[in-house]
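Visitor: Fold the following, please.
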Amino acid sequence: MNSHLVKILHEKFGFESFRPGQLEAITTLLTQGRLLCIQPTGHGKSLLYQLPASFLPGITIVISPLLALVRDQIQQLQNRFKIPTASVNSDQTDSENFQAKHRAKNGELKILFFAPEKLDNLEYFDFLINLPISLIVVDEAHCVSTWGHDFRPSYRQIIEFIRRVETLNPEIKVLGLTATANERTAADIKQQFATNNNAIPVQRHSMDRPNIKLSVMAVESIAEKLSYIQKLLMELSGTGLIYCATRENTEIVADYFQNQGISAAAYHAGYAAEEKKLLQDQFLQNKFKVIAATNALGMGIDKQDLRFIIHFDVPGSITAYYQEVGRCGRDGVEAFGILLFDPSDKRIQQHFINTALPTADDFENVLKILKKPEMAQGLNLQTLKVQTGLHPTRLLVVISELIEQELLQKRLNNRAQIYLSTDKKSVVDLSRYKVQQKVRQHELSAMMVYSSTKDICLMATLRKSLGEVDVTSCGHCSSCIKSPVGKKNLTEIKVVERWLDKRSTLIDAVKTNNIAGGVALLNSQIRSPLFIEFMRTRAEVIEFTNAELQELIQKNLDELKQQYNIRSVIALPSRTWKGRVFLAKKISVYLQVPLLLEHLQWREIPVARQGELLNNDQRKANVDQHLQLKSNQKIPAGDVLLLDDYIGSSATIKEAARVLRKQAMVKDNIIPFTIAVVRWRLGKAGMV
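Guide: Coordinates of the predicted model:
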C-alpha cells in the first residue's frame, strides 16, 4: 500500500516525499477506517484526505466552517491537482450551491466541502445522504466536543450524519482533524466518532512552533494599541494579520493605517461574499501590508509566508490563540506572534460567553411559544427570532438541543423549514452547557494568565495548555529573553486619540431599496467625549453649540458633496431627539438645498423604542410598514440626505428608504447621515 500512496503523491500531487506522520496517518485511515489527527497548523492535515479522495470510489465530504480556507483549497485542488471539487455554504449564492449539488449528484465531483450549519437543513441533509460517500472529513473536530473551547451545536448534527451514512455504507471512512484538542477533548471526540463500536486511533503531534517568536505587550487603550502597531509595521517585514475581536475594531484599525499611508484593509463576516473573496485574493497576492480581520478570514487563510500575527484584542481562549497565531510562519521561516494586552478587553470575551450559552429560561421560552395552540402548524426560524427575542446564535443552540432531546421536530413545508413541539414530556438536560460554561470560563482565565505572565515561557505555556507534558522553554519569547520595554510616547498616543475622536464611521450601502453608503459621525465603540455628551443630552438640548461637533458635521458634509449630488434633506421622525429641527435646518442651509422636515411620519407609532427590544429581528418587525409620506410635496430630483440622530440595526433607515422608493418614487441615491452609530445588544435591551 505504501508504495502505491507514494506513487500517487509523486504523480498526482507533485511532492517529493510525505511530511513526518502523513504516510502513517493515511495508512491508518485506509486500513482501520477511522482516525483523529491532532496536528499544529501548517503540518499538512489537508493532504490526509486529499490524497485518499483522489482514488477512493464515490465522493469525499469535507465538513468545514473555514470558508476562506475552503475557497483556497478548491482553487488549488482544481487548478493544481486537477481534482474536481466544489462547496456548499452560506457565502455562495443559491445558484452556486445548486450547481455544486448538481455536479455532486451527477458524479462529477471527488470532493465536496460542506458548511456544518447546512446539515441542520433537512433538504441539504437528505441530499447528502443519497450521495455515494466513501470518506467523511470533519475539520475543526474539537467543535463537536462540549469539552472543546469552541463547541458548536451545528456539529452535533455531524454525528447523526455519520450514523445515517454508516447504515447505508458500513465501510465508510471517517477522519477528524484539529489543531487543538487536549486529552479530555480528544477522548470525547473519540467516543462520539466511535459509531458501531469502531475504535478511533489518535495521531498526535507536538504543538511546538520553534520559528514563531511570541511576545506580549501591555497597553491601556485603543489609541495606544494603534500607536504601538504603527511602530511594529515599520520594523516587521512581509505581510501579516491583525486579529480583532469585533467587526468595528477591524474597520477602525484598517482606517487608521490607511490614513497613515499603509496598505491595509478590513475583513469580517459582514462583508458580501464577492467582496470577501476579492480581499482574500488581493491579500494572497501581497496587495496589502496587513489585513485587520476577525477569524472569519484568519482561521482559514492559506498563506504560507505570513510573517506576523498581531492580536489587537485578547482572544477568548488559549486554544483559539494558538490556532490563530499559528497561521504565521507556516513556511518554517522566522515569524512573530504579538499580543497587545489591555485587561479591559476581557469584557468583550465575557460578553461573547454570556450571549452564546443558553439558560433554562431560553429553552422554556421557545417551548412555551411553540406549544401555543395557534402555533400547531409550526414556525420558521425568522418568526422564532422575532417571537423569542433571543440572540440569533443562542436561538440556534436552543433549537438544536431541543431537537436532539426530541422536544422539538423540524419539517419541510413547501421547501421552508419549520419547527414544531412534540408530545414528549421531560425536563431539558442542560448538562453540556454547564460544562461549556466552565470550559470557556477556564479558557478565558488561562488566556488572561498567559497575557499577564512575565516569568513563564509563552510557547511552553501554550503547549502545556494543549495537553503536552514534556515541554521546554523556547528561549526567544518575550518572557524568556525579558526584552526591555521602552517608555510610552504620550504625545503620539494623544495624536491617535484625536484621530479617533474625529473619525467618522461609514454606514454600509444596503441592497434593500438601494441605500447608498452614508456616514455616522460618532461611534459608541470609541465612546469619545463628543459621543458621550451627545447621547446624554440628545433628549434635552435643542440647539447644537459644540463647535467641535459642528466642525465634524461640516467636514463630513463637504466630503459627501464631493461624492453625491445632494438635492434635498429629509429628517426621520423622532420622539426624543430635541435637536432634530435645529440641526436639519442648519444642514439644509449649509448644503443650500430644500429641507423636507415633516415629509416622513409614523403611520403607526412603533410599540417600543428600538433600544428596548432584544434582537435586530424584533427591531425590524417593530418599524416594518410603520412609516408613510405625510404630504404629496414633490421631492426634488437628485440625491437625498436622510438625517437621523443615530443608527443601530439600520431597520428604521431601511423602512424610510422603502417609503421613499415606493411612495415618493425617489430614483436617485438615498444617503444615511447620523450623528452616531451604536451597537445594540443581542438577547438583551440596550447598547453594548
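Visitor: Am I right that residue 570 is in contact with residue 593?
Guide: No: using CB atoms under 8 Å, residue 570 is not in contact with residue 593, being 10.5 Å away. C-beta: built from backbone N, CA, C; applies to glycine.
Visitor: separation between residue 667 and residue 660?
Guide: 10 Å (CB to CB, to the nearest Å).
Visitor: Can you show me the helices along the stretch 51-200 of the chain?
Guide: Counting by DSSP state H, counting those that start in this stretch, one finds helices in the stretch 51-200 of the chain at the ranges 67-79, 94-105, 122-129, 156-168, 183-193.
Visitor: Which of residue 667 and residue 660 has more residues huddled nearby?
Guide: residue 660 (23 against 11; other CB atoms under 10 Å).
Visitor: Assumed residue 297 was part of a strand.
Guide: No: according to DSSP: H, G, I helix; E, B strand; the rest coil, residue 297 belongs to no strand; its state is helix.
Visitor: can you count the residues close to it?
Guide: If you count neighbours by other CB under 10 Å, residue 297 ends up with 28.
Visitor: That one contacts residue 266, correct?
Guide: No: in this structure, residue 297 is not within contact of residue 266 by CB under 8 Å, at 9.7 Å.
Visitor: who touches both of these two?
Guide: Overlap of the contact sets of residue 297 and residue 266 (by CB atoms under 8 Å, 6 or more residues apart in numbering) consists of residue 291.
Visitor: which residues touch the lowest-mean-pLDDT helix or strand in the chain?
Guide: Ranked by mean pLDDT, DSSP states H and E, the weakest helix or strand in the chain is helix 295-298, scoring a mean of 71. Residues outside helix 295-298 that contact it (CB under 8 Å, 6+ apart) are 67-68, 241, 243, 267-269, 276, 279-280, 283, 291, 309, 320, 324, 327.
Visitor: Can you give me the neighbour number for residue 537?
Guide: 14.
Visitor: just the one 4 residues further on next, same as before
Guide: Other residues near residue 541 come to 16 when the count uses other CB under 10 Å.
Visitor: now residue 258
Guide: 14.
Visitor: Go through the longest helix seen in the chain and flag the buried ones.
Guide: Ranked by residue count, the top helix of the chain under DSSP state H comes out as helix 431-452. Neighbour counts over helix 431-452 (16 or more other CB atoms under 10 Å) mark 432, 433, 436, 439, 440, 443, 444, 446, 447, 448, 450, 451 as buried.
Visitor: packing partners for that helix?
Guide: Using 3 or more CB pairs under 8 Å, 6 or more residues apart in numbering; DSSP states H and E, the elements in contact with helix 431-452 are strand 212-218, helix 318-325, strand 335-341, helix 346-356, helix 392-404, helix 458-465.
Visitor: Figure out which of these is closest to residue 499.
Guide: Ranking the helices and strands packed on helix 431-452 by proximity to residue 499 (CB to CB) places strand 335-341 first, at 17.7 Å.
Visitor: Contact partners for residue 530?
Guide: Residues near residue 530 by CB under 8 Å, 6+ apart: 501, 522, 546, 548, 549, 552.
Visitor: and the gap between it and residue 22?
Guide: Distance from residue 530 to residue 22, by CB to CB: 57 Å.
Visitor: And residue 512, by the same measure?
Guide: 48 Å.
Visitor: Between the two, which is the more surrounded one?
Guide: With neighbours defined as other CB under 10 Å, residue 512 and residue 22 compare such that residue 22 has more, 22 against 11.
Visitor: What number of neighbouring residues does the residue nearest to residue 512 when sequence neighbours are not counted come out with?
Guide: Closest residue to residue 512 in three dimensions, ignoring its sequence neighbours and counting by CB to CB, 6 or more residues apart in numbering: residue 654, at 5.7 Å. Using other CB under 10 Å, residue 654 is surrounded by 17 other residues.
Visitor: which SSE is residue 654 in?
Guide: Using DSSP states H and E, residue 654 sits within helix 651-662.
Visitor: That helix: which residues count as buried?
Guide: 651, 652, 653, 654, 655, 656, 657, 658, 659, 660, 661.
Visitor: Please name the residues that touch the fourth one.
Guide: Yep, that's residue 654 we're talking about. Residues counted as contacts of residue 654 (CB under 8 Å, 6+ apart) are 510, 512, 513, 515, 620.
Visitor: Settle this for me: the third one is touching residue 657, isn't it.
Guide: Yes: the pair residue 513 / residue 657 is scored as a contact, 3.9 Å apart, by CB under 8 Å.
Visitor: re the thing from before, among the contacts of residue 654, which ones are buried?
Guide: Counted by 16+ other CB under 10 Å, the contacts of residue 654 give 510, 513, 515, 620 as buried.
Visitor: What's the separation between residue 152 and residue 75?
Guide: Residue 152 is 26 Å from residue 75, by CB to CB.
Visitor: Quick check on residue 570 and residue 593: which one has the bigger neighbour count.
Guide: Using other CB under 10 Å as the criterion, residue 570 and residue 593 rank with residue 570 on top: 23 against 18.
Visitor: Thank you, goodbye.
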